[in-house]
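Colleague: Any chance you can model this:
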Amino acid sequence: MESITNIDWTDPGVIQSLLIPWGIRLGIALAIFIVGRWIARWLTNMVRKLMTRASLDDMLINFLGNLVYTVLILVVVMATLDQLGIETTSLLAVFGAAGLAIGLALKDSLSNFSSGVMIILFRPFKVGDFIEAGGATGVVEEVRMFATIMRTGDNRQIIIPNGQIYGGTITNYSAKPTRRIDLVFGIGYGDDIAKAKKIIDDIMQQDERILSDPAPGIALGELADSSVNFNVRPWVKNEDYWPVRADLLEKVKLAFDANGISIPYPQQDVYMHNVA
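Modeller: Numbers count the residues shown, from 1 in each chain. The predicted structure follows:
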């Protein structure tokens, strides 16, 4: 093949056979790239608008928008290179092999990433919810692509990989506006059952934070080894759960003491015998 330095660029035949075809190819390739990039941006904006109308999370909208734009730009670049006569099959093979190697190396990270997308998409919880997941319990502060940040009751920050959260059981205590308190109060076998039951019922009726619908429940639950146990089930708003629970425990104990009702507790009697 004749070297490019030996070509007579002033020869009209060279211009007609080499420069003009390549100039046309270059112009078409440039047009493909410019128009293709414009179409990619337009389609990406349309996808973002559709996801916004669907009330998807902003983090998911940004991620999927960037992903769509990247894929479309890659298609445009491939079409541009193909117009220039550059073989794209080998490039695709190289990209595929590189993608496989990266995927194997970052298997755990990709798993956390996909779990983060699923959490954002299906919303088993949201920021501010009190949940139990991934072996931890706390308030969700932030959901990132690879991990979820939670705050415990004693103000510790916990960072949990999304794969551990989405791959396990998620208990969302904030999912419903109301919550039931489950308590057990035991009295002695010699105490008045009806009196004890009325004391507990009066205390719940006097607390305005306890909901009337569903009505609070109180029933004899068990004749245990050393006590007669009542199951007490009042319903409260989510934000009142812990305050009402603590108040009920205190008020019932004080009321039982004031009315002479005993609360049995484990004890052991030791008898001493003197041997002559």
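
Colleague: Please count neighbours and contacts with C-alpha atoms only from this point.
Modeller: Fine.

Colleague: remind me which residues of the stretch 101-250 of the chain are low pLDDT?
Modeller: 101-109 (pLDDT under 70).

Colleague: I170 reaches A136, doesn't it?
Modeller: No. Applying Cα atoms under 8 Å, one finds I170 not in contact with A136, separated by 10.2 Å.

Colleague: if you skip the residues just before and after it, what's nearest to T169?
Modeller: Excluding its sequence neighbours, the residue lying closest to T169 (Cα to Cα, 6 or more residues apart in numbering) is A133, at 6.3 Å.

Colleague: Cross-check the contact I'm expecting between that neighbour and T171.
Modeller: Yes. Counting by Cα under 8 Å, A133 touches T171, with 6.5 Å between them.

Colleague: The two: who's more crowded?
Modeller: Neighbours were counted for A133 and for T171 using other Cα atoms under 10 Å; A133 has more, 20 against 14.

Colleague: What does the more buried one show for phi and psi?
Modeller: phi -160, psi 150 (degrees, to the nearest 10).

Colleague: Show me the beta-bridge partners of it.
Modeller: With DSSP bridges as the criterion, A133 is bridged to A136.

Colleague: Now do the contacts for it.
Modeller: Neighbour list for A133: Q164, I165, G168, T169, I170, T171 [criterion: Cα atoms under 8 Å, 6 or more residues apart in numbering].

Colleague: quick one: which of the residues you listed has the most company?
Modeller: Ranking these using other Cα under 10 Å puts I165 first, with 21 neighbours.

Colleague: where does that residue fall, helix, sheet strand or coil?
Modeller: helix (DSSP: H, G, I helix; E, B strand; the rest coil).

Colleague: measure it to V140 for me?
Modeller: The gap separating I165 from V140 is 12 Å, by Cα to Cα, to the nearest Å.

Colleague: Likewise for G128?
Modeller: Counting by Cα to Cα - G128 and V140 are separated by 5 Å.

Colleague: Kindly report the same for I261.
Modeller: Taking Cα to Cα, one finds I261 at 43 Å from V140.

Colleague: for A258, same thing?
Modeller: Counting by Cα to Cα, the gap from A258 to V140 is 43 Å.

Colleague: more neighbours, the two?
Modeller: Between A258 and V140, counted using other Cα under 10 Å, the more crowded position is V140 (21 against 9).

Colleague: Surely that one is in contact with R151?
Modeller: Yes. Counting by Cα under 8 Å, R151 is a contact partner of V140 at 6.5 Å.

Colleague: what's the helix or strand hosting W242 packed up against?
Modeller: Using DSSP states H and E, W242 sits in helix 241-258. Applying 3 or more Cα pairs under 8 Å, 6 or more residues apart in numbering; DSSP states H and E, we find helix 241-258 packed against helix 193-206.

Colleague: buried set for the helix it packs on?
Modeller: Using 16 or more other Cα atoms under 10 Å as the test for burial, helix 193-206 gives I193, A196, K197, I199, I200, D201, M204, Q205.

Colleague: and the second one, how far is that from S227?
Modeller: Right, the one you point to is A196. 13 Å.

Colleague: Overlap in contacts, the two.
Modeller: What both A196 and S227 touch, as defined by Cα under 8 Å, 6+ apart, is the set I187.

Colleague: ok, so what distance separates the residue nearest to the spatial centre of the chain from I200?
Modeller: In the chain, the residue lying closest to the centroid (Cα atoms, centre = their mean) is I119, at 4.2 Å. I119 is 42 Å from I200, where distance means Cα to Cα.
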